[in-house]
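Student: Pasting a predicted model and its sequence here:
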Amino acid sequence: MPRVHITHPPEDLELLLSRLDSSIEVSTGPDYPASGVEVIVSGRPGKDIPPETQVIIVPWAGIPEKTLALVRDNPEIRLHNLHHNAPQVAELAAGLLFAAAKSIIPYDTGIRKGDWSMRYQPSRATLLFGKTALILGFGAIGRHIAQILKGVGMRVIGMNRSGQSAHTHVADELLPVSALSETISCADALIIALPQTDETHNLIDSEMIAALPDGAYIVNVGRGPIIDEWALYEALKSGKLAGAGLDVWWKYPADEASRTHTNPSTAPLQELGNIVMSPHRAGSVIERTEGWLTALADLLNSFARGEEVPNQVDIQAGY
């Protein structure tokens with residue numbers, strides 16, 4: 001009988017239990033049982049994990065650094081995560097691109113004040129049909145983004161660590177991230193869906209941004225520090241970039257009291273009119289709970305049945 005412990009149980013725990021094989025025994029709470037736990041569901045399980053632990057499941061996509069360090073110190077433990085939020089994150093990425101390219105926010109702001117003047121000015125909107133989108137990160141999220149953008153007639157180049165995938169048909173071309181320097185100049189839209197690692201920190205710096213075509217767009221649904229925030233600010237302010245859409249940031253509220261007055265960057269991005277800003281909510285949709293618990297149940301059932309558990313994390317790469 002597999003024993004699973006969930007450190008932060010979902011509000012709808014009964015829904016999860018209803019989808020689990022009857023052989024699975026579940027315990028919950030911040031404290032672990034004294035023994036018998038084989039699977040831990042926790043983003044930050046701590047160092048006091050039971051000695052029988054075989055699998056840790058992080059119930060979201062990104063892996064906290066301390067959790068990676070824990071598993072690297074205990075290589076007999078397998079680490080897995082969930083990709084249930086890929087469709088909704090991809091949809092927001094596309095929405096940010098469309099909003100930026102069509103200048104929806106400035107138009108909306110003006111007409112709310114009764115100001116129609118922008119209707120009679122040269123258009124700020126960009127046609128995406130026939131343009132090239134470069135998607136950095138071609139996992140579940142990146143592939144969903146590719147499908148959406150190909151649906152509106154964009155040419156899509158996907159990039160991942162190896163330049164290989166079982167889903168090469170989703171993009172027009174698939175390349176390794178190592179080819180970024182010589183490829184970025186063809187990207188009318190750069191979409192970032194990478195995890196944050198030592199290799200991806202500040203990957204998109206001033207040099208990379210300068211290599212983009214004038215009037216390009218950047219969308220980030222990966223992690224904020226993948227982009228140099230001041231390089232992004234200067235490129236948006238100068239008009240080198242036509243626009244950007246961000247759902248991930250460099251600064252977050254430190255506590256509940258600071259949630260109403262924390263700027264998301266040390267650069268004054270909020271002062272610019274050509275950026276669309278979202279408070280890291282891409283994965284949050286009305287249907288989130290059901291999709292999340294179904295994905296978690298699928299992983300736990302695979303373990304209970306002795307099947308290969310999907311979404312195993314490469315602990316050296318960090319994703």
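Tutor: Sure, I can see it. The shown structure was predicted, so the numbers you read here are calculated from the model rather than taken from an experiment.
Student: Identify the residue nearest His201 in space, chain neighbours excluded?
Tutor: Leaving out its chain neighbours, the residue that sits closest to His201 by Cβ to Cβ, 6 or more residues apart in numbering is Pro225, at 5.4 Å. Just so you know, the C-beta spots here come from the backbone N, C-alpha and C atoms, and that holds for glycine as well.
Student: Any figure for the gap between that neighbour and Gly139?
Tutor: Pro225 is 18 Å from Gly139, where distance means Cβ to Cβ, to the nearest Å.
Student: Then Leu180?
Tutor: 16 Å.
Student: Then Glu199?
Tutor: 15 Å.
Student: neighbour count winner among those two?
Tutor: The neighbour comparison of Glu199 against Gly139 (other Cβ atoms under 10 Å) goes to Gly139, with 20 against 12.
Student: could I get stretch 103-112 in CSV with only the CA atoms?
Tutor: C-alpha atoms of stretch 103-112 as CSV (Å, rounded to 0.1, in the frame of the first residue of the first chain):
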residue,chain,number,x,y,z
SER,A,103,-1.5,48.4,-28.4
ILE,A,104,-4.7,47.4,-26.6
ILE,A,105,-3.9,49.0,-23.2
PRO,A,106,-3.2,52.5,-24.5
TYR,A,107,-6.2,52.4,-26.7
ASP,A,108,-8.4,51.2,-23.9
THR,A,109,-7.0,53.8,-21.5
GLY,A,110,-7.7,56.6,-23.9
ILE,A,111,-11.3,55.7,-24.9
ARG,A,112,-12.2,55.2,-21.2
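Student: what sits up against it?
Tutor: With Cβ atoms under 8 Å, 6 or more residues apart in numbering as the contact definition, stretch 103-112 has outside contacts at 98-99, 116-118, 124-125, 243, 273-274, 276.
Student: all helices for the stretch 1-150 of the chain, in order.
Tutor: In the stretch 1-150 of the chain, the helices defined using DSSP state H, counting those that start in this stretch lie at 13-18, 65-73, 86-101, 104-112, 140-151.
Student: what about the strands in the stretch 101-250 of the chain?
Tutor: With DSSP state E, counting those that start in this stretch, the ranges of strands along the stretch 101-250 of the chain come out as 132-136, 155-160, 173-176, 189-192, 216-220, 241-246.
Student: Would you format these as JSON lines with mean pLDDT included?
Tutor: What follows is the strands of the stretch 101-250 of the chain, written out as JSON lines (pLDDT from 0 to 100):
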{"stretch": "strand 132-136", "mean pLDDT": "98"}
{"stretch": "strand 155-160", "mean pLDDT": "97"}
{"stretch": "strand 173-176", "mean pLDDT": "96"}
{"stretch": "strand 189-192", "mean pLDDT": "98"}
{"stretch": "strand 216-220", "mean pLDDT": "98"}
{"stretch": "strand 241-246", "mean pLDDT": "98"}
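Student: In CSV, list the ones you listed along with mean neighbour count and distance to Val55.
Tutor: Output for those, formatted as CSV (neighbours: other Cβ atoms under 10 Å; distance: least, Cβ to Cβ, whole Å):
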stretch, mean neighbour count, distance to Val55
strand 132-136, 25, 29
strand 155-160, 22, 25
strand 173-176, 17, 30
strand 189-192, 26, 30
strand 216-220, 26, 31
strand 241-246, 25, 34
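Student: Could you export the ones you listed as JSON lines, including distance to Tyr233?
Tutor: Output for these, formatted as JSON lines (distance: least, Cβ to Cβ, whole Å):
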{"stretch": "strand 132-136", "distance to Tyr233": "20"}
{"stretch": "strand 155-160", "distance to Tyr233": "24"}
{"stretch": "strand 173-176", "distance to Tyr233": "28"}
{"stretch": "strand 189-192", "distance to Tyr233": "16"}
{"stretch": "strand 216-220", "distance to Tyr233": "12"}
{"stretch": "strand 241-246", "distance to Tyr233": "10"}
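Student: Which among those is found nearest to Ser258?
Tutor: With Cβ to Cβ as the criterion, Ser258 lies closest to strand 241-246 of the strands of the stretch 101-250 of the chain, at 19.4 Å.
Student: what about the helix or strand that that closest one is followed by, average pLDDT?
Tutor: For strand 241-246, the following helix or strand on the C-terminal side (DSSP states H and E) is strand 275-277. Mean per-residue pLDDT for strand 275-277: 98.
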